[in-house]
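J.: Fold the following.
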Amino acid sequence: MLSVFQWLEATYASVMDSSFGASIHLSVWLFALTEAAHLLALAVVGCAVLIVDLRILGWGLTRQPVAHVAREVRPWLLASLGGMAVTGFLMFSSLAASKYYSHPAFWMKMSLLGAALALTFTLRQRLVSGDEARAARPFAKVVAAVSVLLWSSVAIMGRGGLGYL
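T.: Now for the predicted structure:
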């Protein structure tokens, strides 16, 4: 796995050797803008997840069917996940990817992210795409609470755990 991280770092270095890449690398503001875009995408993911999970928990938008709410926020969720992936890769690569390989907080964040994505696109997706009765079951409420916890943990690990690298 270390070789993958070193390859990512080398790929980023070759991009930085181009005139376009050099201008990005030399700019103080471009990394800050990339990080701001990453955090904005994370906020949109959080909102999209929270809207659906709060609806499942019965704490908002109760006049709307869960399936309708989930369908409405899905494009925002997918677009912001894409934005997080692109900006995350840029930040990851520019901060010496091989450093992350030995950093426990990085692996914890990636594990939590994997669990959150798996829950969101498997179990939770089945709950919100079914009938209203399925989403009203106690099990669905547990899934919604775990979803909020997982996504919150991803954000916390990103800021708290990786912030000191």
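J.: only C-alpha atoms for contact and neighbour calcs from this point on.
T.: OK.
J.: Contacts only, for Phe139.
T.: Applying C-alpha atoms under 8 Å, 6 or more residues apart in numbering to Phe139 gives no contacts.
J.: Hmm, I typed the wrong one, I wanted Ser80.
T.: Each residue near Ser80 by C-alpha under 8 Å, 6+ apart is listed here: 41-42, 44-45.
J.: Please repeat the previous calculation with a cut-off of 10 Å.
T.: By C-alpha atoms under 10 Å, 6 or more residues apart in numbering, the contact set of Ser80 is 37-38, 40-46, 48, 74, 86.
J.: what's the closest of those to Leu54?
T.: For the contacts of Ser80, the minimum distance to Leu54 (C-alpha to C-alpha) is 10.1 Å, reached by Ala48.
J.: can you count the residues close to that closest one?
T.: 21 (other C-alpha atoms under 10 Å).
J.: what does Ser129 give?
T.: When neighbours are counted by other C-alpha under 10 Å, Ser129 comes out with 15.
J.: For the nearest residue to it once chain neighbours are set aside, which residues are in contact?
T.: Setting aside the residues directly before and after it, Ser129 is nearest to Ala67 in space (C-alpha to C-alpha, 6 or more residues apart in numbering), at 5.2 Å. Shown in contact with Ala67 (C-alpha under 10 Å, 6+ apart): 52, 55-56, 125-132, 135.
J.: Please enumerate the helices of the chain.
T.: 2-16, 19-26, 28-57, 66-94, 97-101, 104-121, 123-129, 132-136, 138-156 (DSSP state H).
J.: show me where pLDDT drops low in the chain?
T.: Applying pLDDT under 70 to the chain flags residues 1, 4-6, 8-9, 11-26, 93-101, 159-165.
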